[in-house]
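*Asks:* no FASTA, just this:
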(Lines give C-alpha, C1' and ligand atoms only; values in the text may rest on other atoms or scores of the structure.)
Protein backbone atom coordinates (compact mmCIF):
# COMPACT_ATOMS: atom_id res chain seq x y z
CA UNK A 1 0.00 0.00 0.00
CA UNK A 2 2.84 2.38 0.89
CA UNK A 3 4.51 1.74 -2.48
CA UNK A 4 1.21 2.63 -4.24
CA UNK A 5 0.98 5.89 -2.21
CA UNK A 6 4.53 6.93 -3.15
CA UNK A 7 3.86 6.23 -6.83
CA UNK A 8 0.81 8.50 -6.77
CA UNK A 9 2.75 11.16 -4.79
CA UNK A 10 5.59 11.16 -7.34
CA UNK A 11 3.14 11.36 -10.27
CA UNK A 12 1.24 14.29 -8.71
CA UNK A 13 4.51 16.07 -7.83
CA UNK A 14 5.74 15.64 -11.43
CA UNK A 15 2.51 17.08 -12.81
CA UNK A 16 2.58 20.07 -10.46
CA UNK A 17 6.23 20.84 -11.14
CA UNK A 18 5.63 20.77 -14.91
CA UNK A 19 2.78 23.29 -14.63
CA UNK A 20 3.17 26.16 -17.06
CA UNK A 21 3.31 29.69 -15.70
CA UNK A 22 1.85 32.25 -18.13
CA UNK A 23 4.29 34.88 -16.81
CA UNK A 24 7.18 32.83 -18.15
CA UNK A 25 5.94 33.16 -21.73
CA UNK A 26 7.23 35.91 -23.99
CA UNK A 27 4.45 38.20 -25.27
CA UNK A 28 4.70 38.69 -29.06
CA UNK A 29 3.37 41.96 -30.49
CA UNK A 30 4.65 42.59 -34.01
CA UNK A 31 1.73 42.95 -36.46
CA UNK A 32 1.61 46.26 -38.36
CA UNK A 33 -1.36 47.53 -40.34
CA UNK A 34 0.06 50.26 -42.59
CA UNK A 35 -2.36 52.70 -44.20
CA UNK A 36 -1.24 55.20 -46.88
CA UNK A 37 -3.11 58.41 -47.60
CA UNK A 38 -2.45 61.77 -49.19
CA UNK A 39 -2.88 65.13 -47.45
CA UNK A 40 -6.54 65.23 -48.56
CA UNK A 41 -7.15 61.88 -46.81
CA UNK A 42 -7.47 59.77 -49.98
CA UNK A 43 -6.65 56.07 -49.61
CA UNK A 44 -3.49 55.72 -51.75
CA UNK A 45 -3.61 51.91 -51.68
CA UNK A 46 -7.03 51.73 -53.37
CA UNK A 47 -5.99 51.26 -57.00
CA UNK A 48 -9.52 52.06 -58.19
CA UNK A 49 -9.16 55.70 -57.13
CA UNK A 50 -7.53 58.17 -59.50
CA UNK A 51 -4.14 59.27 -58.22
CA UNK A 52 -3.66 56.21 -56.00
CA UNK A 53 -0.91 53.63 -56.37
CA UNK A 54 -1.61 50.72 -58.69
CA UNK A 55 0.72 48.39 -56.79
CA UNK A 56 3.75 48.09 -54.56
CA UNK A 57 6.76 45.90 -53.89
CA UNK A 58 8.90 45.56 -50.78
CA UNK A 59 12.62 44.79 -50.62
CA UNK A 60 14.55 43.85 -47.46
CA UNK A 61 17.48 46.29 -47.18
CA UNK A 62 19.39 43.77 -45.03
CA UNK A 63 18.58 40.82 -47.30
CA UNK A 64 21.27 38.36 -48.35
CA UNK A 65 20.87 39.46 -51.99
CA UNK A 66 20.36 42.84 -53.63
CA UNK A 67 16.79 41.84 -54.38
CA UNK A 68 15.28 40.25 -51.28
CA UNK A 69 11.50 40.58 -51.56
CA UNK A 70 9.33 40.73 -48.46
CA UNK A 71 5.76 39.55 -48.78
CA UNK A 72 3.29 42.08 -47.38
CA UNK A 73 -0.32 41.35 -48.34
CA UNK A 74 -2.79 44.09 -49.15
CA UNK A 75 -5.96 43.82 -47.07
CA UNK A 76 -9.16 45.79 -46.68
CA UNK A 77 -10.62 47.05 -43.41
CA UNK A 78 -14.34 46.86 -42.54
CA UNK A 79 -14.43 50.59 -43.46
CA UNK A 80 -13.26 49.64 -47.00
CA UNK A 81 -9.81 51.20 -46.52
CA UNK A 82 -6.83 49.31 -47.89
CA UNK A 83 -3.75 48.59 -45.79
CA UNK A 84 -0.55 46.58 -45.93
CA UNK A 85 -0.34 43.93 -43.22
CA UNK A 86 3.26 43.33 -42.18
CA UNK A 87 3.83 40.49 -39.75
CA UNK A 88 7.44 39.46 -40.37
CA UNK A 89 9.87 38.61 -43.14
CA UNK A 90 12.61 41.22 -43.14
CA UNK A 91 15.92 40.47 -41.42
CA UNK A 92 16.49 42.15 -38.09
CA UNK A 93 19.69 43.69 -36.82
CA UNK A 94 20.67 44.66 -33.33
CA UNK A 95 20.21 48.38 -32.69
CA UNK A 96 21.43 48.54 -29.09
CA UNK A 97 20.97 47.19 -25.61
CA UNK A 98 17.73 48.39 -24.00
CA UNK A 99 19.42 48.98 -20.66
CA UNK A 100 23.23 48.87 -20.91
CA UNK A 101 23.52 49.17 -17.12
CA UNK A 102 21.50 45.99 -16.61
CA UNK A 103 22.71 43.09 -18.78
CA UNK A 104 20.05 40.57 -19.71
CA UNK A 105 17.22 43.14 -19.85
CA UNK A 106 16.91 42.86 -23.61
CA UNK A 107 17.93 44.44 -26.86
CA UNK A 108 16.49 46.70 -29.50
CA UNK A 109 16.34 45.27 -33.00
CA UNK A 110 15.39 46.85 -36.31
CA UNK A 111 14.47 45.98 -39.89
CA UNK A 112 14.60 48.22 -42.94
CA UNK A 113 12.52 47.78 -46.08
CA UNK A 114 12.43 49.78 -49.27
CA UNK A 115 8.86 50.09 -50.54
CA UNK A 116 8.35 50.95 -54.20
CA UNK A 117 4.88 52.21 -55.03
CA UNK A 118 3.78 52.00 -58.65
CA UNK A 119 1.53 54.71 -60.10
CA UNK A 120 1.52 53.68 -63.76
CA UNK A 121 3.43 51.63 -66.28
CA UNK A 122 6.03 54.42 -66.51
CA UNK A 123 8.91 53.57 -64.13
CA UNK A 124 9.55 57.31 -63.64
CA UNK A 125 6.21 57.52 -61.82
CA UNK A 126 7.31 55.07 -59.11
CA UNK A 127 7.59 56.43 -55.58
CA UNK A 128 9.92 54.85 -53.02
CA UNK A 129 10.01 55.07 -49.25
CA UNK A 130 12.17 53.56 -46.52
CA UNK A 131 10.28 51.81 -43.73
CA UNK A 132 12.21 51.10 -40.53
CA UNK A 133 10.59 48.96 -37.85
CA UNK A 134 12.22 48.95 -34.41
CA UNK A 135 11.52 46.20 -31.88
CA UNK A 136 11.91 45.87 -28.14
CA UNK A 137 13.08 42.36 -27.22
CA UNK A 138 13.05 41.41 -23.53
CA UNK A 139 12.55 38.09 -21.77
CA UNK A 140 8.85 38.96 -21.29
CA UNK A 141 7.99 40.73 -24.56
CA UNK A 142 8.91 41.05 -28.20
CA UNK A 143 7.12 44.09 -29.54
CA UNK A 144 7.20 46.89 -32.06
CA UNK A 145 8.53 49.96 -30.28
CA UNK A 146 8.83 52.49 -33.09
CA UNK A 147 8.26 52.82 -36.84
CA UNK A 148 9.96 55.39 -39.06
CA UNK A 149 9.08 56.19 -42.65
CA UNK A 150 11.74 58.08 -44.61
CA UNK A 151 13.40 58.95 -41.30
CA UNK A 152 10.25 60.41 -39.72
CA UNK A 153 8.63 58.72 -36.74
CA UNK A 154 5.11 57.58 -37.66
CA UNK A 155 4.45 55.27 -34.70
CA UNK A 156 5.75 54.58 -31.20
CA UNK A 157 4.62 52.32 -28.41
CA UNK A 158 5.36 52.33 -24.70
CA UNK A 159 6.99 49.19 -23.29
CA UNK A 160 4.00 48.56 -20.99
CA UNK A 161 1.36 49.00 -23.71
CA UNK A 162 -0.97 46.03 -24.19
CA UNK A 163 -0.57 43.64 -27.09
CA UNK A 164 -2.53 44.83 -30.10
CA UNK A 165 -2.40 45.27 -33.85
CA UNK A 166 -0.24 48.32 -34.41
CA UNK A 167 -2.00 50.73 -36.76
CA UNK A 168 0.14 53.16 -38.71
CA UNK A 169 -0.97 55.87 -41.14
CA UNK A 170 1.59 57.36 -43.49
CA UNK A 171 0.69 60.57 -45.29
CA UNK A 172 2.44 61.12 -48.63
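*Replies:* That came through fine. Keep in mind it's a predicted model, so treat the numbers as computed, not measured.

*Asks:* hey, let's count contacts and neighbours off CA atoms from now on
*Replies:* Will do.

*Asks:* any weak-confidence spans in this structure?
*Replies:* Applying pLDDT under 70 to the chain flags residues 1-24, 97-105, 121-123.

*Asks:* Quick check, central residue of this structure?
*Replies:* Residue closest to the average C-alpha location in the chain (C-alpha atoms, centre = their mean): residue 30, at 3.5 Å.

*Asks:* pretty sure it is in contact with residue 145, am I right?
*Replies:* No - taking contacts as C-alpha atoms under 8 Å, residue 30 lies outside contact range of residue 145: 9.1 Å.

*Asks:* who touches the residue nearest to the centre of the chain in this structure?
*Replies:* The contact partners of residue 30, taken as C-alpha atoms under 8 Å, 6 or more residues apart in numbering, are 87, 88, 142, 143, 144, 165, 166.

*Asks:* For the last one, list the residues it contacts.
*Replies:* Meaning residue 166. Residues in contact with residue 166, defined by C-alpha under 8 Å, 6+ apart, are 30, 31, 32, 33, 144.

*Asks:* Show me the two of the residues you listed that sit farthest apart.
*Replies:* For the contacts of residue 166, the maximum inter-member distance is 11.9 Å, found between 33 and 144 (C-alpha to C-alpha).

*Asks:* of the two, who's got more company?
*Replies:* Shown here are residue 33 and residue 144; by other C-alpha atoms under 10 Å, residue 144 has more neighbours (27 against 18).

*Asks:* Give me the three-state assignment for the nearest residue to that one once chain neighbours are set aside.
*Replies:* Nearest residue to residue 144, sequence neighbours excluded (C-alpha to C-alpha, 6 or more residues apart in numbering): residue 135, at 4.4 Å. In three-state terms, and counting by DSSP: H, G, I helix; E, B strand; the rest coil, residue 135 is strand.

*Asks:* Can you get me a residue count around residue 135?
*Replies:* Residue 135: 25 neighbours (other C-alpha under 10 Å).

*Asks:* contacting residues around it?
*Replies:* Residue 135 is in contact with 108, 109, 110, 142, 143, 144, 145, 146, counting by C-alpha under 8 Å, 6+ apart.

*Asks:* and which of the residues you listed is nearest residue 43?
*Replies:* Closest to residue 43, out of all of the contacts of residue 135 and judged by C-alpha to C-alpha, is residue 146, at 22.9 Å.
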